[in-house]
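Asks: Got a sequence here, can you build the structure:
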Amino acid sequence: MDLFRYLTAEERVDYIAIMTRFTASLLADMSASTVAEQLAEDGSQLDADTAEVRCRQLVKWGNLVPSLRDSRVSTVADYLRARSRYQVSGLGGRVHRTAMEIMEASDGAREVARELLGQIAQALGEIRTLLDAPVTPERAERLAGLVTTIFNNQRLFTASVTDFYAYLSGVLTRFDLQGQEYKHFKTLLLDYIDLITADVNRHAPLIAERLDQLIERIDELLAVLDAVPGLTLGDVTTVERSSGRTRVEWEQLRQWYDGTGSESGPAQLRAAASQALGQLLANAKRMLDASATGYSRRADLLRLAVWLDRSADAEAERLFAAAFGTWSARHLMLGPDEPDPRVGPMTSWATADPIDVPVSLRDRGNRVARGRTARVPDTTTDRALVEAAARAERERGQAAAAELAAAGRLDGASLSPDARTLLLDELARLLATNPDPATTAETTNYDLGVVLRAAPGAGTVVHCPDGTLTVAGYTLSVRAIASGAAPSLGLAQ
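Replies: Down below sits the predicted model:
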């Protein structure tokens with residue numbers, strides 16, 4: 001934690017300038033006087049003694065380390081100045097580079113490095129090809145470079161995606177988002193996010209497939225990477241190796257792309273896109289809702305902030321009082337009766353009982369009276385009635401189909417009204433698909449298990465209790481479908 005102290009210290013301007021000079025070049029080895037001279041060229045007024053004090057403090061915090069290189073000087077004064085030389089420490093340099101990167105970054109959206117997905121897939125294919133190639137020193141160096149490139153690209157891609165969705169989430173949760181700004185982010189959501197998702201859906205299956213094939217030969221790959229000359233210090237100190245040199249890292253990379261769990265990359269991107277879309281719809285509903293609190297006051301508040309910043313103290317106090325009504329209390333009338341008789345015009349609101357404010361007014365600023373929330377209706381009885389009616393209709397249809405199948409040739413047959421209605425329905429289907437009366441046609445009802453056949457003929461007369469049906473020009477007959485001829489499409493019981 002001491003490595004970060006110089007960023008918040010009272011003399012942070014001096015500390016940041018000194019650390020910037022030490023990290024500006026490789027292996028910078030400078031004395032405090034040299035740092036002061038370089039800072040003077042940049043317009044900084046920092047003398048050598050002050051620079052020496054700042055450097056020693058940075059050494060205590062761990063950002064700098066003393067240098068052991070002897071310095072050659074011509075005078076005793078120069079020797080006294082140059083007797084202490086400094087270098088940036090490993091962690092101190094990383095902290096400063098990261099801090100400067102954050103301070104120099106803009107507060108806008110970061111573009112997603114989606115083009116790296118194709119590079120990752122291509123590199124994985126090259127690794128599989130090199131594993132099958134003859135063993136050479138160039139082969140091992142090439143494999144090590146491809147592995148490092150894959151994991152660096154993956155780290156950059158995930159970091160850019162995280163930053164982009166974090167920025168988008170921060171914008172979409174703003175209550176004042178509306179107008180042209182809302183249209184801009186709507187286009188961003190519908191176009192750019194769709195582009196990102198499409199790239200992930202296109203490349204993720206190929207990357208996952210090649211990772212599955214590579215995991216089977218991961219021991220062979222790790223053995224080649226271990227044979228590449230690198231930094232080895234034994235048990236003296238810990239060496240931070242490049243990414244992709246362990247099986248765990250490859251397993252985690254495969255898990256990110258396989259898309260089988262909620263922790264996978266494609267699943268997280270889909271969830272983030274759904275959340276952003278839901279927030280966008282919530283903003284649209286808020287802007288279209290007539291009962292909302294009204295339009296945003298963000299622009300008015302920003303204008304007021306500018307006025308307050310440019311005003312003197314007395315004018316700022318008057319402006320604040322006029323904008324927010326913070327004058328001293330003046331009782332022009334007694335007002336409504338208070339429930340507590342001890343509360344009078346001179347009673348402070350800080351000690352009086354709070355006033356009951358309706359929820360709609362307190363949360364939404366809506367003064368419209370609202371009724372009691374209706375209870376959720378119980379549809380169990382209605383569902384049972386609907387199922388019973390459907391079951392009865394199904395049984396009537398099956399009985400009518402069985403009656404038609406039993407009659408066979410329908411000319412001169414006596415049928416019930418239900419059987420006749422089914423016959424008319426099937427005949428209408430047949431004539432709709434086969435309107436030519438000179439050809440023989442059939443229609444099959446797999447649900448009820450019957451086949452209606454219409455052949456050219458003198459006609460068919462069917463007798464019913466409530467009348468007689470005459471079909472001219474067709475000889476009608478019905479037969480049952482053989483068992484197992486087609487799957488049943490009936491109502492599930």
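
Asks: For the stretch 1-150 of the chain, which residues score under the pLDDT cut-off?
Replies: For the stretch 1-150 of the chain, applying pLDDT under 70 flags the ranges 27, 68-74, 76-83, 106-109.

Asks: Strands of that one, start to end?
Replies: For the stretch 1-150 of the chain, the strands defined by DSSP state E, counting those that start in this stretch cover 30-31, 64-66, 85-88.

Asks: Dump the ones you listed into JSON lines; add distance to L46 as well.
Replies: C-beta coordinates here come from the backbone N, C-alpha and C atoms, glycine included. Below are the strands of the stretch 1-150 of the chain laid out as JSON lines (distance: least, CB to CB, whole Å):
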{"stretch": "strand 30-31", "distance to L46": "13"}
{"stretch": "strand 64-66", "distance to L46": "15"}
{"stretch": "strand 85-88", "distance to L46": "15"}
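
Asks: Show residues contacting stretch 13-31.
Replies: Applying CB atoms under 8 Å, 6 or more residues apart in numbering, the contact partners of stretch 13-31 are 6-7, 9, 35, 38-39, 42, 44, 46, 50-51, 54-55, 57-58, 63-64, 67, 69, 71, 81-88, 92-93, 96-97, 100.

Asks: measure that stretch end to end?
Replies: The first residue of stretch 13-31 is 19 Å away from its last residue (CA to CA, to the nearest Å).

Asks: on that earlier part again, write the PyMOL selection for whichever of the contacts of stretch 13-31 are buried.
Replies: Remark: buried members of the contacts of stretch 13-31, expressed as a PyMOL selection using 16 or more other CB atoms under 10 Å:
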select buried, resi 6+35+38+39+44+46+51+54+55+57+58+63+64+67+81+82+84+85+86+87+88+92+93+96
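
Asks: just to revisit the earlier point, of the strands of the stretch 1-150 of the chain, which is nearest E220?
Replies: Distance to E220, taken as CB to CB, is lowest for strand 85-88 among the strands of the stretch 1-150 of the chain, at 39.8 Å.

Asks: just to revisit the earlier point, can you flag which of the contacts of stretch 13-31 belong to helices?
Replies: Per DSSP state H, helices hold the following members of the contacts of stretch 13-31: 6-7, 35, 38-39, 50-51, 54-55, 57-58, 81-82, 92-93, 96-97, 100.

Asks: Test my guess that A273 contacts A198.
Replies: No - using CB atoms under 8 Å, A273 is not in contact with A198; the gap is 11.1 Å.

Asks: So for these two, which sits in the more crowded spot?
Replies: Remark: of A273 and A198, A273 carries more neighbours, 17 against 11, as counted by other CB atoms under 10 Å.

Asks: May I have the phi/psi pair for that one?
Replies: Torsion angles at A273 (phi, psi; degrees, to the nearest 10) stand at phi -70, psi -40.

Asks: mind listing what it touches?
Replies: A273 sits in contact with 193, 197, where contact means CB under 8 Å, 6+ apart.

Asks: ok, now how distant is it from D191?
Replies: As judged by CB to CB, to the nearest Å, A273 and D191 stand 12 Å apart.

Asks: Give me the pLDDT for the residue nearest the centre of the chain.
Replies: Note on the chain: the residue nearest the mean C-alpha position is A272, at 1.0 Å, using CA atoms, centre = their mean. Note on A272: pLDDT of 78.

Asks: quick one: it from V248, how far?
Replies: For A272, the distance to V248 - CB to CB - is 26 Å.

Asks: Next: A9.
Replies: A9 is 39 Å from V248, by CB to CB.

Asks: Over to A405?
Replies: According to CB to CB, A405 and V248 sit 68 Å apart.

Asks: before we move on, what about F151?
Replies: Separation of F151 from V248 (CB to CB): 12 Å.

Asks: Compare these two and say which is more crowded by neighbours.
Replies: In this view F151 and V248 are compared by other CB under 10 Å, and F151 has more residues nearby, 18 against 8.

Asks: Surely the more buried one forms part of a helix?
Replies: Yes - under DSSP: H, G, I helix; E, B strand; the rest coil, F151 falls within a helix.

Asks: need the contact list for the closest residue to it other than its chain neighbours.
Replies: Distances taken as CB to CB, 6 or more residues apart in numbering place S243 nearest to F151, at 3.5 Å, with adjacent residues excluded. Applying CB under 8 Å, 6+ apart, one finds that S243 lies in contact with 147-148, 151-152, 155, 249.

Asks: Repeat that for H463.
Replies: Counting by CB under 8 Å, 6+ apart, H463 touches 412-415.

Asks: Low-confidence regions, the stretch 251-400 of the chain specifically.
Replies: 259-263, 283, 286-297, 329-339, 345, 364-374.

Asks: now the helices: where do they sit in it?
Replies: 265-288, 298-310, 313-324, 359-364, 380-407 (DSSP state H, counting those that start in this stretch).

Asks: could you dump these to a markdown table with distance to G344?
Replies: Below are the helices of the stretch 251-400 of the chain laid out as a markdown table (distance: least, CB to CB, whole Å):
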| stretch | distance to G344 |
| --- | --- |
| helix 265-288 | 42 |
| helix 298-310 | 35 |
| helix 313-324 | 25 |
| helix 359-364 | 26 |
| helix 380-407 | 58 |
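
Asks: Minimum distance to T439: which of those has it?
Replies: helix 380-407 (21.9 Å).

Asks: Tell me the buried residues in that closest one?
Replies: 397, 400-401, 403-405, 407.

Asks: And for stretch 158-167?
Replies: For stretch 158-167, by 16+ other CB under 10 Å, it's 158, 160-161, 164-165.

Asks: cool, stretch 90-106 as well?
Replies: For stretch 90-106, by 16+ other CB under 10 Å, it's 92-93, 95-96, 99.
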